[in-house]
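S.K.: no sequence on hand, only this structure:
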């Protein structure tokens, strides 16, 4: 685990302890530390900046209300992202995005060689549209692992599922995308290999 991640984890633990001891303003440090990542994650779900900001704000409110439920058995950030992901999922059930089924998503307009960039969060709206058209239980693993660049363990923990289940859903999502976009098959396989070799990190801000 890198030093920056450890520093954030230590700061989170200290600030939570201060809040629970009655120092309410210490929660502002948590918000400042994780606001951008939570908005970014919400935007991956909604593609709407305003709605993403509202959802992140609600996530912090729920974290505040439920702070005592964090037992320190995992990193605070893992607990926070799991809470936020559950909130975002429920929010999309309440007010769904208007998306085309995956079979009707447009063909990618960028050359196939650029898929690796797209799968890592770069601009390729057609591929993103196809990912967002996946069923939620396949879409979420792709969003967390490729677009948000969480490592496998944290992404699985965020979705509260065994790593084996997460791997299976990620594999199924890739299979659906390969079948929908056969011209990108080799590049998706390449992304799968190169991403597996990337250094582990807690999350990207």
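M.R.: Received the coordinates, thanks. The model shown is predicted, which means the values in this text are computed figures rather than measured ones.

S.K.: which secondary element of the chain has the worst mean pLDDT?
M.R.: Across the helices and strands of the chain, mean confidence by mean pLDDT, DSSP states H and E is lowest for helix 115-119: a mean of 45.

S.K.: the helix or strand where residue 93 lies - what's its average pLDDT?
M.R.: Using DSSP states H and E, residue 93 sits in helix 76-94. On average, the pLDDT along helix 76-94 is 89.

S.K.: pLDDT averaged over the helix or strand encompassing residue 15 - what is it?
M.R.: Using DSSP H and E, residue 15 falls within helix 3-20. Averaged across helix 3-20, pLDDT comes to 89.

S.K.: how far away is residue 66 from residue 94?
M.R.: Per Cβ to Cβ, to the nearest Å, residue 66 is found 19 Å from residue 94. In short, each C-beta sits where N, CA and C put it, glycine included.

S.K.: same drill for the two, tell me which one is more crowded.
M.R.: residue 66 (11 against 7; other Cβ atoms under 10 Å).

S.K.: pretty sure the more buried one sits against residue 83.
M.R.: Yes - with contact defined as Cβ atoms under 8 Å, residue 66 reaches residue 83; the gap is 7.1 Å.

S.K.: residue 172 and residue 34, how far apart?
M.R.: For residue 172, the distance to residue 34 equals 30 Å [Cβ to Cβ].

S.K.: er, residue 46 actually
M.R.: For residue 46, the distance to residue 34 (Cβ to Cβ) stands at 18 Å.
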